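Undergrad: no letters, just coordinates:
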């Protein structure tokens, strides 16, 4: 849906907390009353954008990576697709919202928790497929790997976006290499 | 300053972007006009809270850790003090703001860039002291370590705060152990 894509782009720039029906009206040139009639409330707008971003994330990052061979190649494919996704204007909106809204109870936070748990589960499952393939040690801990790989991605996001550090992506790749080597 | 401590606590809960003179007035029971006379603008309030939080961070985390023996013990001390700091209500306000405001140009973002560069420099310098002590290989890259350790802390923050994952701290300690082992 075009309007949710616009709203998603706006959320990447101003944060999910800054995404209001008023700011979306300014951004799109649509009438505030029309948008209000469509979305009903700021919270409903934020929830729909979150769901929409998370569906885009599954379509653009997770689903294509699942076509890569199981185990290590799939981990690397997922990682490169995530880097590409986070390089879009404004960076991954789910990352920013997860830090912004982690202390604000309500349905938006609950949706973020579900999305991030699903993502951690995906990382752990893809890693586990690499144990089955003999790429990783049988006693390697998929939950540990998921948290570690999340860390590599989050510090990449911070170094590349906030600090505009040109070496961030290479360092993130070396960090992933180190994690995979340690797990092998 | 008591009012900046209050504002810092509020920023930990609602994010720096949600910190306004109005929300601070509600939180403290002080008059909005009095707070406006004191701070002048929302941006000035945000800047002062950021500077104040960053001074508290230096006092509570960095300065005491510099009393630990150079090298590996100092890295570990810094890490444990950071975990304690991030466990305070709302988590580290500098982390949340760094993800929230990374695409919003202006003096608040510039201050965040400076604070996070200083922090990355501190991590790199403390790591370098461990090369001097013979704890880490001479060819280990302090910038790589700084980005990696930042990742361990950021994914700990997300797993513990958003996901309420009770295993997050143990996993973060194992991740730091792995980084230090790989650098030795």
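TA: Okay, I see it. All values reported here derive from a predicted model rather than from experimental measurement.

Undergrad: which residue lies farthest from the center of chain A?
TA: Residue farthest from the centre of chain A, counting by CA atoms, centre = their mean, is residue A:33 at 31.2 Å.

Undergrad: point out the other helices and strands that the strand or helix carrying that residue packs with.
TA: In the assignment (DSSP states H and E), residue A:33 maps to helix A:32-39. If you count contacts as 3 or more CB pairs under 8 Å, 6 or more residues apart in numbering or on different chains; DSSP states H and E, helix A:32-39 packs onto helix A:21-28, helix A:42-57. (Each C-beta comes from the backbone N, C-alpha and C, glycine too.)

Undergrad: residue ranges with poor pLDDT in chain A?
TA: Within chain A, the stretches with pLDDT under 70 are A:1.

Undergrad: find the helix or strand that residue A:152 is a member of.
TA: Residue A:152 belongs to helix A:142-157, assigned by DSSP H and E.

Undergrad: how close does the residue farthest from the centre of chain A sit to residue A:23?
TA: Separation of residue A:33 from residue A:23 (CB to CB, to the nearest Å): 15 Å.

Undergrad: likewise residue A:89?
TA: Noted for residue A:89: a distance of 16 Å to residue A:23, by CB to CB.

Undergrad: who's more crowded, the two?
TA: residue A:23 (18 against 8; other CB atoms under 10 Å in any protein chain shown).

Undergrad: contacting residues for the more buried one?
TA: Taking CB atoms under 8 Å, 6 or more residues apart in numbering or on different chains, we find residue A:23 in contact with A:10, A:14.

Undergrad: against which helices or strands is the longest helix anywhere in chain A packed?
TA: For chain A, the helix that runs over the most residues, judged by DSSP state H, is helix A:107-132. The helices and strands touching helix A:107-132, judged by 3+ CB pairs under 8 Å, 6+ apart, are helix A:42-57, helix A:72-86, helix A:93-100, helix A:142-157.

Undergrad: any idea how far the third one is from the middle of the chain?
TA: Its chain's average C-alpha position is 8 Å from that of helix A:93-100, according to CA atoms, centre = their mean, to the nearest Å.

Undergrad: any bit of it sitting next to chain B?
TA: Yes - applying CB under 8 Å from any CB of the partner chain, one finds helix A:93-100 in contact with chain B at A:95-96, A:98-100.

Undergrad: check stretch A:68-79 too.
TA: No - applying CB under 8 Å from any CB, one finds stretch A:68-79 out of contact with chain B, separated by at least 12.9 Å.

Undergrad: please consider this matter closed, and thank you.
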